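In: Below are the sequence and a predicted model for it; my questions follow.
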Amino acid sequence: MMRPESLMMSYGYKPELSEGSIKCPVFLTSTFVFKTAEEGKAHFEIAYGLRDKLENEELGLIYSRINNPDLEILENRLTLWDKAAECAVFESGMAAISTVMLEFLQPGDMIMSSGPLYGGTDHFIKHFLNKLGIEHLEFDATFTEEQILSLIDQSGKKDKLKLIFLETPANPTNSLIDIEMCSNIAKELSSGDQKIIVAVDNTYMGPLWQHPLDQGADLVLYSATKYIGGHSDVVAGACLGSAELVQRVKTLRTFLGNMASPMSCWLLLRSLETLKVRMDQQAINAEKVAAFLSSHPKVEKIYYLGSLENMPDQKAIYDKQCLSAGAMVSFDIRGGENEAFLFLNNLKLIKLAVSLGGTESLAEHPATMTHAGVDPEYRLKVGITEKLVRLSIGVENYQDLINDIESALNVRIHETADIEN
């Protein structure tokens, strides 16, 4: 079997079905023609979950809200990196996350999550799910297995726990959660007919640098906008896992109507061909940038997975489940918001923008941007302070990135004041 980076060029696509085109065309059609009424009936029976597929039977093309050639080929290719049975692609990462939560939770249930989470996920759990009567427990990277089990016991809702949602590494602190430990907790607390699902947001590591399904997770989720898309020109999400679980997710996706469009899928197919070379270079660049930041006098603390020597518990998790230190580097600048903004406003090559995982390097201020909607006291508790800056490292020449960072760090407040006056 060839490796995923080779299969990204052709897997799941037959040129002879598309006039010999070497690349999959964009199928900009809303609906598809059935050969017979019987065929149409059979397709809908499978799509709506009215019966299981027969041996060697495939879901035929029906309507682009249900399936589309670009969507299906993309989903097939994405399964390769995580060795998943099935994949469902969405029009955004939050669409993937919210659909999974809505499928596996109902009023009266409880969700447990790691913290911190991306601000949008945090808001969806603590505000939207709360309105549906779904309770929430949270733990962080400092909790042991025994402490998590104790937290569940103390809630008095052990029998209501249906979903454990992890984001690891955490956005924006790079904190690591032990996926295998959480999987063991889920297995211990599951009963015969009530399985607790473990879902992992793997956006920070992309499909290359961490494989949660190998660590016992049931579902792995991505904002495909990030490394998978990689060019900051498409918004999308993905969910991967077993055929049974992903089919449930796909069925709800059909009725919510939040699947990715043919054009979004085509853009992601293009991006998958260079995924490995992009991510390899980004990881190399991030290592160089992190080394520079770690010795700069204006940097108080660095949050980077390649710098865990003094954190043995985190290092043990890293060694077990991570294949790279990744390309996300956060750091505390000496001072506070003024100093952080001064740095951000004086970057030239690195762009001041949210998102991550693209070919271009980006910088942002989590406390006032991506995590602005998170409770202020909670932000401080998990280390998302006014002095924290987040960098997403791209594919530029690493020395140019370091020079840009050094120049911005060396600007003094009175220098910009003189310019403004």
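Out: Sure, I can see it. In this text, all values refer to a predicted model and were calculated from it rather than measured experimentally.
In: And residue 120, how far from residue 104?
Out: 19 Å (CB to CB, to the nearest Å). The way it works is simple: take the backbone N, C-alpha and C, and place the C-beta from them, glycine included.
In: pLDDT score assigned to residue 56?
Out: You'll see residue 56 listed with a pLDDT of 85.
In: next one: the one 10 residues further on
Out: On pLDDT, residue 66 comes in at 89.
In: Let me know the secondary structure of residue 330.
Out: Put simply, residue 330 is strand when judged by DSSP: H, G, I helix; E, B strand; the rest coil.
In: Go ahead and confirm it touches residue 387.
Out: No: using CB atoms under 8 Å as the test, residue 330 is too far from residue 387 to be in contact (10.6 Å).
In: The two: which is more packed in?
Out: residue 330 (23 against 19; other CB atoms under 10 Å).
In: how close does that one get to residue 76?
Out: According to CB to CB, residue 330 stands 35 Å off from residue 76.
In: and what of residue 218?
Out: Distance, residue 218 to residue 76, by CB to CB: 20 Å.
In: higher neighbour count, those two?
Out: Neighbour totals were compared for residue 218 and residue 76, and residue 218 leads with 23 against 15 (other CB under 10 Å).
In: Tell me who's in contact with residue 118.
Out: Contact partners of residue 118, counting by CB atoms under 8 Å, 6 or more residues apart in numbering, are 167, 171, 201, 203, 370, 371.
In: Let me see the confidence value for it.
Out: Residue 118 is assigned 95 on the pLDDT scale.
In: do the same with residue 416
Out: On pLDDT, residue 416 comes in at 57.
In: how about the spatially closest residue to residue 11 that is not a sequence neighbour, phi and psi?
Out: Closest residue in space to residue 11, ignoring its immediate chain neighbours: residue 77 at 5.2 Å, by CB to CB, 6 or more residues apart in numbering. Main-chain dihedrals, residue 77, degrees, to the nearest 10: phi -70, psi -40.
In: Report the secondary structure state of the closest residue to residue 263 other than its chain neighbours.
Out: Of all residues not flanking residue 263 in the chain, residue 26 sits nearest, at 5.8 Å (CB to CB, 6+ apart). Under three-state DSSP, residue 26 falls in the coil class.
In: quick one: contacts of the helix or strand where residue 153 lies?
Out: Taking DSSP states H and E as the definition, one finds residue 153 inside helix 145-155. Contacts made with helix 145-155 from outside it, assessed by CB under 8 Å, 6+ apart, are listed as 110, 112, 135, 137, 139, 143, 158, 161, 181-182, 184-185, 188-189.
In: Show me what counts as buried in that helix.
Out: By neighbour count on 16 or more other CB atoms under 10 Å, the buried set for helix 145-155 is 148, 152.
In: Kindly export that helix (C-alpha atoms) in CSV.
Out: The C-alpha trace of helix 145-155 is given here as CSV (Å, rounded to 0.1, in the frame of the first residue of the first chain):
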residue,chain,number,x,y,z
GLU,A,145,-7.1,10.1,35.7
GLU,A,146,-8.1,9.7,39.4
GLN,A,147,-9.0,13.4,39.7
ILE,A,148,-11.1,13.3,36.5
LEU,A,149,-13.0,10.3,37.8
SER,A,150,-13.5,12.0,41.2
LEU,A,151,-14.8,15.1,39.4
ILE,A,152,-17.4,13.0,37.6
ASP,A,153,-18.4,11.2,40.8
GLN,A,154,-18.8,14.5,42.6
SER,A,155,-21.1,15.8,39.9
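In: Check the offset of that helix from the chain's centre.
Out: 26 Å (CA atoms, centre = their mean, to the nearest Å).
In: Quick check: next helix or strand after that helix?
Out: Counting by DSSP H and E, what follows helix 145-155 is strand 161-167.
In: Ends of stretch 10-17, what's the gap?
Out: Using CA to CA, to the nearest Å, the span of stretch 10-17 from its first residue to its last is 13 Å.
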